[in-house]
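Asks: 3D, please:
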Amino acid sequence: MAEYRLARRVSEVADRMERLQSLNTRSAIWLIGATLGLSLAAVNHWGETSLIPTPVILSIAVVLLFIGWRTSRRRQRSLHEAAIAIEHRWPDLDSRLVTAIDQRPEEGPGGFSFLQHEVITETLLHSHRHDWLAVVPSSRLNRARLQHVACLLMFAIMFAGAVQTGHARSKLAKPVADSNNTADPGDEYGLSIDPGDVEIERGSDLVVMARFDGRTPDEVILQATDASGKTLTQALSRSLDDPLFGCRLAAIETDLSYHITFDGIDSDAYQVTVFEYPQLLQADATVVHPEYTGLDDVTIEDVRRLSVIEGSQVTLQFLFNKPVAYAALTGEGQREFELTPLNDASDCVIWTVTLSPQEKQTFMLDLVDEVGRENKDSPEFVIDVIPNQPPELAITFPGRDVKVSPLEEMSIEADAHDDFGLQEVGLIYQLPGQEEKPLKLGDHADANAIVSLAHQMAMEEVEAQPNDLVSYYFYADDIGPDGHTRRTFSDLYFAEIRHFDEEYREGQSPPSQGGPPPGNTPADKLLELQRDIVNAIWTVIRRERGEKTTAEFADDVQMIDDSQRQALGIARELMATLEDALSQQHAGEAIEHMTSAAESLSSAVETDSTELLPGARTSAYDAYRALLKLQAREHVVSRSQSGSQSSSQSSRQQLNEQLQQLELKNDRNRYENESQEQPAADREQLQVLNRLRELARRQSGINDKIQELENALREAETDEEKEEIERQLKRLREEQQELMRDLDELEQRMNREQNRQQMAEARQQAMDVRENLRRTSEALEQGQLSRALSSGTRAERELEEMKEELREQTAGQFADAMRELRDDVQQMADQQEQLRQDLAGEKPSDQEGPRQLKDDGADDLQERVDEQREELARLLEQIKQVVEESELSEPLLSKTLYDAIRKTRVDRPDEALEMTAQFLRHGLDREAVRAEAQARMGIEKLQAGVEKAASSVLGNEVGALRRAQGELEELAESIRDELADATPKEDTSSESGEAQSSTDTEQSSAQSSNQSSEENQSGSAQAATEPSDSNSSSSKGLSSETPSRSSTPRELSSFLEQAAGGQPGGGPASGGPHHPLTGTDFIKWSDRMRDVEEMVDDPELRSNIAQIRDRARQMRIDLKRDSKLPNWDLVKTSIYGPMLELQQQLAEEIARRAPSDDVVPIDCDPVPDRYTDLVERYYERLGSGR
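Replies: The predicted model follows:
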């Protein structure tokens, strides 16, 4: 094999030589084919023999094309031939190139010998000094290409001419008209006219042909007269030297008669009758919405696609171009809905039909007129039915089973909303042995308004006792499709009433292995299983709300029955191991209730009825309650040696608030995105965005065409010009109507279940755009171009606005993707830098010679390089996916990422990493270092490209952080002002200065304790801050789903205030009027904190903000409930202090993310108070020059 650099340069010359030869060969083939095609055309036109059939001509053309195609498949010219050509062009090479090409490396590690290397080097130097491609210059290649194209065109023209002359001659050989059409006068002419008397569709063209078999006149004239008496005269054109004359009458709209005039002779008159196929001109829809929606009836003009609410009545009114004898809508399954005329008149052209669709239906309109003609094109009508979904209920706090004391007040919060409004919402709870007790919490909520419900259940007031199990769930009533009230329930949760004297003590850590883990005993498994059974029965009850059971009912209930019988067997085995009489009694009660539940479930399966399910749930619930009585009242809590989680001998440790205080803080990312849900929603938004962009572009084109036609109509002088403009306006109106149909389809897409809520505003905007589109179409039909242009411009502007709004929403997905990509690439670059340092590290002094294959750490380095290569491949694939998804909505982002991939592949970092691993495997350290450097260069280019792309999407992050910092400063200042107002009141209550000093000391100690607990990640969390984790979790959900108070119904506003802890009244009168904690500004302060939380993207910062807000919220709840001022020392340590620390963290984040040329302070630490004067004097002296 020749040296690869020399072979590459010579192969370029060989390729150009082969390309030139291929072009010349094909040009010759096309030229020969063109000559042959010209001969065939001459034979068909002037030949005396029979015609050459068209298939024969086409076969010859196909054969020649095949030969040309085979010729185009270039063979690879040998390098030796190219080298000879180069030697001929530059004789000074003196056969060195041919000699170098023929050289082959010697066997062994050495490669080429010294002499071979010298010859190759000299030829390579010659290639750099001279352009070897000049052997076949570009000008010569371009001439060959032009020659090839010209010959190919000649070939195509000649064969097309041969086929055309054959068709023309065959037509002349046929009789043109029937003998009945022969004119009596001038029999010596032998005149025959085609088509004679004829019926044609209105608007069609008519071709009139006159053939003279005898004497041929010099001029033939056609004269036509329409129904209004208007006469049209047109000369017939002769076909070469043949005795055949013809002309075309364009767009015949009315009946007419015509005859032929030649040499002073008139032929017989023939009649042209115009007819029309039945056709739909316009369809309007009147929608009568169900009463429960509260929506007015609406009429939509010129509609093809329609979305209606379930239970609506749709009346379609059709306007036809002529009276019809039959009209019907044919749906799927050949189901027909016949139309009825609007009145009894025989010439009625308006027909109607009323439908009550229950599901999406597609109809085709079939028409038949009096003579049996059917419509040529059947318009399609699509009616999409929007189902009346049941209300959505979600318990946001606590969102799990809890364990409370008999004196505790349990806070319960939930969100509810319905697509057509709520009638009533409330809470239902049940104590053991009692009936369910409903508690109404609100009524009459607007459509799509998210209602936040909150209730504090005082266990003392409901007389709950230890070992009781309180079940609770929320309900929401709306109006169903049948017009009756429909009730929907939330998930079922339990609150276990614990004893006062339950003890939690820390035990020794269990060994890492050996023995079953705590909380995994048969009793614990039985308890969890029974709770799952209760929830499963409740799920089936919630689902089976119809008159008939669903297809899954029997299988699901049978599965629950099997699980209940399995739990029954475990309970019997457990009872056999119990020795305590009281425990045996509780176990017996549980077995009795389990047996009853199993029997009810079996009967429900046999009867296929839901009537027995409530009783089964009650029995299963009682069994669960009985099992809870077997729980121990002393719990030993210990931490496993892995430190990853805590365990307890109680299987339900997650229910115990006391246990949570003993556990380590779980710093999980509460803001993690659901990566599996996002792509589907993003794709749907991109689809809508793409359609909006297309509609806006098409409307812009229509507007430009309207402007152009308006100017042309103003300048038109002849009737022919005006008629042509009218035809263009007709086509333009059809385009406008088609655009309106596409907008209707887009609106149906927006009405899909996954888009209905987030695109409600966009749907209303689409209705406004549609009205402007309809007005544009109507104005075009009436010829009012100025009005059409005005409404069309408004529609274009509104489409652009919708597109931009949706584009801004869609860009958020790329912000998340680019943020993740930026972090991943940064991590990869850091890992590559660590690899470089490890590879460049010095060997120990006692190690001499090359590194052995089994050196310590070699395998680890090789494994890390392989992992780095896999990570690089994954990142490139992820970037490629973002490029494809952002191509439509964010072309700049797509192009920047594409350039980053392209520049990265130049350095081939993946191959370099693979080579690095191979070199490491064979102990070649120096080669591994060089390969790693190449890989690192490619990764650095990739990092730079991703950073540049991320800046186009995340460029405003620094600005958002600065706004968040300023907002946080104002919020902290309001807390500081409230603390300053409250401090004097506490000072007056102090008896002496020593007491105040003691208070300051305690405050300092509390702050120090707080800081140490936050810094010590391995220690336990404080009891005051640990419960806020669950609250913050629920607040996170509320902040993203709960609307503002202005959108919440007035009747339910009190519940929103209660959920936020800001009910007016009930607090101490000493609080300031505008203080955030004790005054009236809490809701505003809390909302601003939520805004700050949304401005930052770092999960840790957002978590800190949420915790501060939750602590303030809890203090507000305590203030309203107990009418007691908050502990101001606790306010300083848990709210104000963390807010100041958060400001510092934001400042550091801004400094880290700000561009490198931004001016940032060198030292952000404030000067201590005792050194302030000294520093000021220092800078004064420094400025004075002393």
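
Asks: Show me the domain layout of this protein.
Replies: Annotated domains of the chain cover 4-172, 175-275, 280-386, 501-507+522-638+647-663, 683-810, 812-840+855-946, 957-1009+1024-1173 [automatic domain parsing].

Asks: Tell me which of those domains lies nearest to residue 409.
Replies: With Cβ to Cβ, the closest approach to residue 409 among the domains of the chain belongs to domain 957-1009+1024-1173: 7.6 Å. Every C-beta, even on glycine, is put in place using the N, C-alpha and C of the backbone.

Asks: circling back to that earlier point, can you tell which of the domains of the chain is closest to residue 1180?
Replies: domain 957-1009+1024-1173 (10.5 Å).

Asks: now residue 296, what's its secondary structure?
Replies: coil (DSSP: H, G, I helix; E, B strand; the rest coil).

Asks: hang on, residue 293 packs against residue 418?
Replies: No: Residue 293 lies out of contact with residue 418 (Cβ atoms under 8 Å); the separation is 11.1 Å.

Asks: of these two, who's got more company?
Replies: residue 418 (27 against 17; other Cβ atoms under 10 Å).

Asks: Got phi/psi on the more buried one?
Replies: When read as degrees, to the nearest 10, the backbone of residue 418 gives phi -140, psi 150.

Asks: Skipping adjacent residues, who's closest to it in space?
Replies: Leaving aside its sequence neighbours, residue 418 sits nearest to residue 391 (Cβ to Cβ, 6 or more residues apart in numbering; 4.1 Å).

Asks: okay, now that neighbour: neighbour count?
Replies: With other Cβ under 10 Å as criterion, residue 391 counts 25.

Asks: any idea of the pLDDT on it?
Replies: Note for residue 391: predicted pLDDT of 89.

Asks: Roughly how far does it sit from residue 292?
Replies: Look at residue 391 and residue 292: by Cβ to Cβ, to the nearest Å, they are 13 Å apart.

Asks: anything in contact with each of the two?
Replies: Common contact partners of residue 391 and residue 292 (Cβ atoms under 8 Å, 6 or more residues apart in numbering): residue 478.

Asks: re earlier: need the domains of the chain in JSON lines (columns: mean pLDDT and distance to residue 433).
Replies: Converted to JSON lines, the domains of the chain look like this (pLDDT from 0 to 100; distance: least, Cβ to Cβ, whole Å):
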{"stretch": "domain 4-172", "mean pLDDT": "75", "distance to residue 433": "90"}
{"stretch": "domain 175-275", "mean pLDDT": "83", "distance to residue 433": "84"}
{"stretch": "domain 280-386", "mean pLDDT": "89", "distance to residue 433": "38"}
{"stretch": "domain 501-507+522-638+647-663", "mean pLDDT": "77", "distance to residue 433": "9"}
{"stretch": "domain 683-810", "mean pLDDT": "83", "distance to residue 433": "42"}
{"stretch": "domain 812-840+855-946", "mean pLDDT": "81", "distance to residue 433": "51"}
{"stretch": "domain 957-1009+1024-1173", "mean pLDDT": "63", "distance to residue 433": "30"}
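
Asks: Next, give phi and psi for residue 424.
Replies: Dihedral angles (degrees, to the nearest 10) for residue 424: phi -160, psi 140.

Asks: How about the contacts made by it?
Replies: Counting by Cβ under 8 Å, 6+ apart, residue 424 has contacts 440, 442, 443, 444, 476, 477.

Asks: Tell me the one among the residues you listed nearest to residue 780.
Replies: residue 444 (46.4 Å).

Asks: What is the neighbour count of the closest one?
Replies: Quick note: residue 444 (other Cβ under 10 Å) scores 13 neighbours.

Asks: helix, strand or coil for it?
Replies: Going by three-state DSSP: residue 444 is strand.

Asks: What of residue 476?
Replies: Residue 476 is classified as strand under three-state DSSP.

Asks: thought it was touching residue 453?
Replies: No: contact status for residue 476 versus residue 453: not in contact, 9.1 Å apart, counting by Cβ under 8 Å.

Asks: Touching both of those two, which residues are there?
Replies: Joint contacts of residue 476 and residue 453 (Cβ under 8 Å, 6+ apart) are 416, 425.

Asks: quick one: which helix or strand includes residue 901?
Replies: helix 891-907 (DSSP states H and E).

Asks: Same question for residue 434.
Replies: Counting by DSSP H and E, residue 434 is part of no helix or strand.

Asks: tally of neighbours for it?
Replies: When neighbours are counted by other Cβ under 10 Å, residue 434 comes out with 10.

Asks: which ones are touching it?
Replies: By Cβ under 8 Å, 6+ apart, the contact list for residue 434 is empty.

Asks: Enumerate every residue touching residue 946.
Replies: Applying Cβ under 8 Å, 6+ apart, we find residue 946 in contact with 818, 821, 822, 825, 879, 897, 900.

Asks: thought the second one was touching residue 880?
Replies: No: under the criterion of Cβ under 8 Å, residue 821 lies out of contact with residue 880, with a separation of 11.3 Å.

Asks: In terms of neighbours, single out the busier of these two.
Replies: Neighbours were tallied for residue 821 and for residue 880 using other Cβ under 10 Å; the higher tally belongs to residue 821 (21 against 13).

Asks: sorry, back to before: which one of the domains of the chain lies closest to residue 490?
Replies: Per Cβ to Cβ, nearest to residue 490 of those: domain 501-507+522-638+647-663, 8.6 Å.

Asks: Figure out how far that closest one is from the centre of its chain.
Replies: Its chain's average C-alpha position is 42 Å from that of domain 501-507+522-638+647-663, according to Cα atoms, centre = their mean, to the nearest Å.

Asks: which of the contacts of residue 946 lies closest to residue 976?
Replies: residue 822 (36.4 Å).

Asks: Counting neighbours, what do you get for that closest one?
Replies: 18.

Asks: Find the nearest non-adjacent residue to it, please.
Replies: Residue 822 sits nearest to residue 950 (Cβ to Cβ, 6+ apart), 4.6 Å away.

Asks: Quick check: next helix or strand after the helix or strand in which the one you found is found?
Replies: Using DSSP H and E, residue 950 sits within helix 925-954. Sequence-wise, the next helix or strand downstream of helix 925-954 (DSSP H and E) is helix 957-988.

Asks: unless I'm mixing things up, residue 1131 is touching residue 1077, no?
Replies: Yes: counting by Cβ under 8 Å, residue 1131 does reach residue 1077; the two are 7.0 Å apart.

Asks: The two: who's more crowded?
Replies: Ranked by neighbour count (other Cβ under 10 Å), residue 1131 and residue 1077 place residue 1077 first, with 24 against 20.

Asks: for stretch 819-833, which positions count as buried?
Replies: Applying a neighbour-count criterion of 16 or more other Cβ atoms under 10 Å, the buried positions in stretch 819-833 are 819, 821, 822, 824, 825, 828, 829, 832.

Asks: For the last one, give me its contacts.
Replies: Counting by Cβ under 8 Å, 6+ apart, residue 832 touches 868, 932, 935, 936, 939.

Asks: For the third one, give me its contacts.
Replies: With contact taken as Cβ under 8 Å, 6+ apart, residue 935 is in contact with 832, 868, 907, 909, 910, 912, 913, 916.
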